[in-house]
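**Q** The amino acid sequence is not available; the structure is as follows:
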DNA sequence: CTCCAGGAGATAT
DNA sequence: ATATCTCCTGGA
């Protein structure tokens, strides 16, 4: 097959998506998702499910195309990128007008989104995340995909799925440089596979119930549970408290000396029902140095 | 060489 | 409940 025959036609994001160059880049590679690699400055290749997708910013428009073998519906891409009106509605309910810190992030990162990723795969990546930087998480996650997934495109491999991972030994995962996280993945895989429909049940539960279920898994504490729920299930009340956010709350909101649990309480009260979306703006604002 | 990352788990208080 | 230590690996 020649290379042009592989790809479907280019599509454009519909008007009003609101992305900027910066917020698109940050959405794809800012630490919520590890499925995208950059081909050049504003050109990415990645996966949505088992479909290989390319996405680029060109002349103030965003284009995407997918390969023809596992094509994805435009509706599915719109859903993945949260392009529906629901995004603006929820963003509008954050206190960015009255909060100058959040306001600065929302204005400078306008269009920043949380991607609608599948829960199982997102849980997998965040099981790898402890004490690792974004490139390191992507590297070891990709190594697992390359070893146990199927090749979707030259050099791009699928997430193997929990059923496959349940057959892999901790030792084999350690050989892929997962370190102590290998045990988390191996044990979690066996637990998930032993309970059919577990993922669907968690996905359709309320936030509190879903979190209780996730916290039973080895390697899943408060932070990883909230990341999996926020980024892998659109539970927008989840507020992952990582070291960046903790420092940010201390510095920008003068919460020095507050206990971690009290900081979370503050965040839920102050940011409201969609605190997780605010967290994403705050996290990126801090990470990109916008608040300095 | 030492130190510590976008944490979790075990143990001790 | 809260504090401290360890766990793999890699990069500063």
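**A** It's in. Bear in mind the structure is a predicted one, so any value in this text is a computation, not a measurement.

**Q** For DNA strand B, give me its nearest residue in chain A.
**A** For chain A, the residue closest to DNA strand B is residue A:31, as judged by CB to the nearest atom of the strand, at 1.6 Å. C-beta: built from backbone N, CA, C; applies to glycine.

**Q** in which helix or strand would I find that residue?
**A** Per DSSP states H and E: residue A:31 is located in neither a helix nor a strand.

**Q** Please give me every residue in contact with it.
**A** Contacts of residue A:31 were listed using CB atoms under 8 Å, 6 or more residues apart in numbering, and they are A:134, A:283, A:287.

**Q** give me phi/psi at it?
**A** phi 110, psi 0 (degrees, to the nearest 10).

**Q** Look up how far DNA strand C lies from it.
**A** 16 Å (CB to the nearest atom of the strand, to the nearest Å).

**Q** ok, which of the contacts of residue A:31 also contact DNA strand B?
**A** A:134, A:283, A:287 (CB under 7 Å from any atom of the strand).

**Q** Now the last one: closest residue in space that isn't a chain neighbour?
**A** By the measure of CB to CB, 6 or more residues apart in numbering, the closest residue to residue A:287 outside its immediate chain neighbours is residue A:244, 6.5 Å from it.

**Q** can you count the residues close to residue A:248?
**A** Neighbour count for residue A:248, taken as other CB atoms under 10 Å: 21.

**Q** which non-adjacent residue is nearest it?
**A** residue A:286 (4.7 Å).

**Q** now residue A:64
**A** Using CB to CB, 6+ apart and skipping residues adjacent in sequence, the residue nearest residue A:64 is residue A:55, 4.6 Å away.

**Q** how about the helix or strand where residue A:269 lies: buried residues?
**A** If you go by DSSP H and E, residue A:269 is part of helix A:260-271. Neighbour-count burial for helix A:260-271 flags A:263-264, A:266-267, A:270-271 (criterion: 16 or more other CB atoms under 10 Å).

**Q** and what of stretch A:249-256?
**A** Residues A:249, A:252-253, A:255 are the ones in stretch A:249-256 that count as buried (16+ other CB under 10 Å).

**Q** Residues contacting that stretch, please?
**A** With CB under 8 Å, 6+ apart as the criterion, stretch A:249-256 contacts A:101, A:258, A:262-263, A:266-267, A:270, A:282, A:291.

**Q** swap the cut-off to 6 Å and go again
**A** A:101, A:263 (CB atoms under 6 Å, 6 or more residues apart in numbering).

**Q** following the strand or helix carrying residue A:213, which helix or strand comes up?
**A** Assessed by DSSP H and E, residue A:213 sits inside helix A:207-215. Downstream of helix A:207-215, the next assigned helix or strand under DSSP H and E is helix A:222-231.
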